[in-house]
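Enquirer: Need a 3D model of the following:
(chains A and B)
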Amino acid sequence: MIYQAAIDENFPVAEPTQVARLRSGDPAALADAVGLYQHRLYRYFLRLVRDAASADDLFQQTWLHVVRQIHRYDAARSFDTWLFAIAHNAAMDLLRKRPGESLDDREFAIPSRAPDALSAVLAGERAAILAAAMAALPALYREALTLRFEEGMKLEEIAEVTHAPLSTVKSRVQRGLEAMRQKLTRRDLL
Amino acid sequence: MSDHESVQQLLALSAAGLLDAGEERLVREHARQCAACAAELEEFAALTAGLSALPLPQPPAYLLAQTSALLAAEADRRQAAFLAGAVAVFALVFVLLIGQTLRTLAGDSAAVVWLGWASITSVLGAASALVLASRRRLERSIV
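Expert: Model (predicted):
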């Protein structure tokens, strides 16, 4: 994964033996997996749904689904991708029910002032500005960017998680980056 | 579409590492001669580097404990359902075997009385088990 090294020192993935224990219903393996993926999964939900309470609910819902469906997991495939695909489905279900939420607005524009961007600028927090600019994108673009740059997933892995064709994933990454660049350069932040 | 325009559309994907070798070469060669595209490519590179380095949000401390409790309850429920199924199968086989033995030893009427009695106690037992299970679930959800 190209960006893996740049993402986080702790970039844990489940080992095949752990996955095998998980499949056998070993409670200790499940507890290990929840601990192992808690930061990555929580970040994914937070980027997508943008509020902590919903991220908490989705996190728990996802693990419950994992317990109930682990027998369907094909050990020949990546556990990460399987887990994030479950997370994707849960998040999309929630976002579709949210009034005013834009999943894939083809004509989207980033608001001229993201909610907490001004305070972030004043504080000089570049990361907060970037996160705020990303949060202003439609959900599917936010998802593509977080999976690519924060999770370090390959195009094929993102396509599997989001159930979208490769060309669509590429287009989401491209449009998301272009919208962010446009917004940030206009404010001299790049 | 000119070379410049077609390369411009590839700049974001180049910074994202999503171009094939041929497209990547095209972008690099063009950027060497075009200052505008080179600058734009730099900006995209800065943006993608920034996104890759965003701090990892910390999940709340209670989330892991809450999730573990939820999963333990689920495991408990599944185990209870499995045990209940196994006990029900065992009880059915037991009742039928006793019924068959009574029929052989004491005739049809004894077997019918046994089956009737066993059915009534089984229904009552199952109802009690359901009430207890739902009460336990309620108590767990309150805790």
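Enquirer: Show me the shaky parts of the chain.
Expert: Going with chain A. Along chain A, segments meeting pLDDT under 70 span A:1-14, A:105-124, A:187-190.
Enquirer: actually it's chain B I care about, not the one you picked
Expert: Ranges of chain B meeting pLDDT under 70: B:1, B:140-143.
Enquirer: Residue A:158: neighbour count?
Expert: Residues lying near residue A:158 (other CB atoms under 10 Å in any protein chain shown) number 27. (Glycine included, C-beta is placed from N, CA and C.)
Enquirer: tell me the contacts of residue A:163?
Expert: For residue A:163, the contacting residues are A:85, A:88, by CB atoms under 8 Å, 6 or more residues apart in numbering or on different chains.
Enquirer: For residue A:138, see how far away it is.
Expert: 17 Å (CB to CB, to the nearest Å).
Enquirer: centre of the chain versus stretch B:50-66, how much separation?
Expert: Put simply, stretch B:50-66 sits 20 Å off its chain's centre (CA atoms, centre = their mean, to the nearest Å).
Enquirer: what's the span of it from first residue to last?
Expert: Using CA to CA, to the nearest Å, the end-to-end distance of stretch B:50-66 comes out at 33 Å.
Enquirer: And for stretch B:49-65?
Expert: Stretch B:49-65 has an end-to-end distance of 34 Å (CA to CA).
Enquirer: ok, residue A:162 - how many residues close by?
Expert: Per other CB under 10 Å, the neighbour tally for residue A:162 reads 21.
Enquirer: for it, what are its contacts?
Expert: A:85, A:88, A:140, A:143-144, A:147, A:169.
Enquirer: In terms of secondary structure, what does the lengthiest helix in chain A contact?
Expert: Counting residues, the longest helix found in chain A (DSSP state H) is helix A:27-49. Applying 3 or more CB pairs under 8 Å, 6 or more residues apart in numbering or on different chains; DSSP states H and E, one finds that helix A:27-49 makes contact with helix A:16-23, helix A:52-69, helix A:79-97, helix A:139-145, helix B:61-106.
Enquirer: Tell me which of those helices sits nearest to residue B:34.
Expert: helix A:139-145 (26.0 Å; CB to CB).
Enquirer: May I have that closest one exported as CSV, CA atoms only?
Expert: What follows is the C-alpha trace of helix A:139-145 in CSV, where atoms were taken according to Å, rounded to 0.1, in the frame of the first residue of the first chain:
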residue,chain,number,x,y,z
ALA,A,139,-20.2,11.5,1.8
LEU,A,140,-19.0,9.3,-1.1
TYR,A,141,-16.1,11.6,-1.8
ARG,A,142,-15.1,11.8,1.9
GLU,A,143,-15.2,8.0,1.9
ALA,A,144,-13.0,7.6,-1.1
LEU,A,145,-10.4,10.0,0.3
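Enquirer: so how far is it off the chain centroid?
Expert: The chain centre lies 7 Å from the centre of helix A:139-145; the measure is CA atoms, centre = their mean.
Enquirer: quick one: the residue nearest in space to the middle of chain B from chain A, how far?
Expert: Nearest to the geometric centre of chain B sits residue B:71, at 10.3 Å (CA atoms, centre = their mean). Taking CB to the nearest CB, to the nearest Å as the measure, residue B:71 falls 6 Å from chain A.
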